[in-house]
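In: pasting the sequence and the predicted model now:
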Amino acid sequence: MKNVLTITLCSILTLANVLLPTPAAATDIKAHQPSKKVAMLISGYGNSDPDLSYDLEELVQSYLIFHRNNVKVDIVTPKGGAVLVKPNKDDLAHVADFKTKTTGLDKLANTLSAEQAGENDYDALFIVGGDGAVFDLPFDASTQQWITTFAKSNTPIAAVCHGPAALVNIKLDDGTYYVANKYVNSFTYVEDSAFKKEHLDKYPMIVQTELEARGAHFIANNPMLPFVARDGNLITAQNPTSVAKAAEALLIAMGTTPAARIAFKDEATMELIAMARSMGVAQLDIAMTKNPERYDTMYLALYGLYAYKLADTAPDKAITLQLMEKISEYFKHPQYATHMINTYLEMGDQQQAKHHFENAKQQFTDFTLPVSLAEKLGI
């Protein structure tokens, strides 16, 4: 029990278990539907700084949904050519499917430039997130000119996570910003502050701030939870666990009915948490009893580790604390137990802190607290 959870957003994206069954097995391609074509725009900035690239899993999940719905895909970067492909998520079934069962890797090795893509016709544009999106997509002239053609023709556009950065400077013929007066969403300021601290001082923009400055109506869910906004033909999504639904919303905007599928585990788990927040923690018991294989307890734990500090009202904190308690029944780990003890000590609830300490001693061999917490607990 000496494993240590790395509490970063990267953890949320990389620690998912293998889907059982995988979405690839869930449905056949809808061959009867007319073939459509989507341009997927990703950042090429990661070739200069691998820590600040497009998000591979966001690309994979959305690409697979398009692929399984008989939608043709071009992958586009501002300058074109090969882009970095990180190997750190190869243990995920859907990443393996993308790399071995589609031509996606070939397309990443030879992406179209925005100028080249401008010579083609597309039924929609899907803008993938990742840190890199804030560095090149809003500032490359060819990319901005190309995106503008979609905006002016009212062609469906979806942008996820940091991807909406590409839209903040787009203007229509009357000189107004494309996002002005639209209901939009993106990775939020709170999420950036919580999960991107190591890169935030390098960012040329905070996406939520810039969208609001352009007159957009910014709407969002609680931090870490999925949210997809649609305003006409503009679809925007909050974070990585919202990506798959954003891809399906784009299909609908294109006139295609998405094929039935099994949700990706990160997607399903965070949707379950969102449901439990609004409908009660019993939802966790029901889901984890009926279909535990659909969810990842690591994602439950990571939510429990972050959410209380990000809650900003007393009712929000109360709901979050209930969820944390319920999650502790399904995720048993010394670090999570320590987190629960520390949370109650910070609240001044010595009794509950001692309760979790006694439980932890029974569950984990040689369970010990850091000296500072032991002193606060009086042991």
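Out: Sure thing, it's come through.
In: name every strand pairing with the helix or strand hosting residue 229 and say which way it goes.
Out: Assigned by DSSP states H and E, residue 229 belongs to strand 228-231. Strands that pair with strand 228-231, judged by DSSP bridges, come out as strand 234-237 (antiparallel).
In: which parts of the stretch 101-250 of the chain are helices?
Out: Under the criterion DSSP state H, counting those that start in this stretch, the stretch 101-250 of the chain contains helices at 104-108, 114-117, 141-152, 189-195, 197-200, 207-213, 243-253.
In: so which of the ones you listed comes closest to residue 85?
Out: With C-beta to C-beta as the measure, helix 104-108 is the member of those nearest residue 85 (5.4 Å). For every residue, glycine as well, the C-beta is placed using N, CA and C.
In: where does the nearest residue to residue 300 once chain neighbours are set aside sit, in terms of helix or strand?
Out: Closest residue in space to residue 300, ignoring its immediate chain neighbours: residue 327 at 4.7 Å, by C-beta to C-beta, 6 or more residues apart in numbering. Using DSSP H and E, residue 327 maps to helix 314-330.
In: send the alpha carbons of that helix over as PDB?
Out: Taking Å, rounded to 0.1, in the frame of the first residue of the first chain, the C-alpha atoms of helix 314-330 are listed here in PDB:
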ATOM      1  CA  ALA A 314     -20.900  26.000   2.300                       C
ATOM      2  CA  PRO A 315     -23.600  23.900   0.500                       C
ATOM      3  CA  ASP A 316     -21.100  23.000  -2.100                       C
ATOM      4  CA  LYS A 317     -18.600  21.900   0.500                       C
ATOM      5  CA  ALA A 318     -21.300  19.900   2.300                       C
ATOM      6  CA  ILE A 319     -22.200  18.000  -0.800                       C
ATOM      7  CA  THR A 320     -18.500  17.400  -1.700                       C
ATOM      8  CA  LEU A 321     -17.800  16.100   1.800                       C
ATOM      9  CA  GLN A 322     -20.600  13.600   1.400                       C
ATOM     10  CA  LEU A 323     -19.200  12.400  -1.900                       C
ATOM     11  CA  MET A 324     -15.700  12.100  -0.300                       C
ATOM     12  CA  GLU A 325     -17.100   9.900   2.400                       C
ATOM     13  CA  LYS A 326     -18.900   7.700  -0.100                       C
ATOM     14  CA  ILE A 327     -15.900   7.500  -2.300                       C
ATOM     15  CA  SER A 328     -13.800   6.200   0.700                       C
ATOM     16  CA  GLU A 329     -16.100   3.200   0.700                       C
ATOM     17  CA  TYR A 330     -15.000   2.200  -2.800                       C
END
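In: output the contacting helices and strands for it.
Out: With contacts taken as 3 or more C-beta pairs under 8 Å, 6 or more residues apart in numbering; DSSP states H and E, helix 314-330 sits against helix 265-279, helix 282-290, helix 297-310, helix 334-347.
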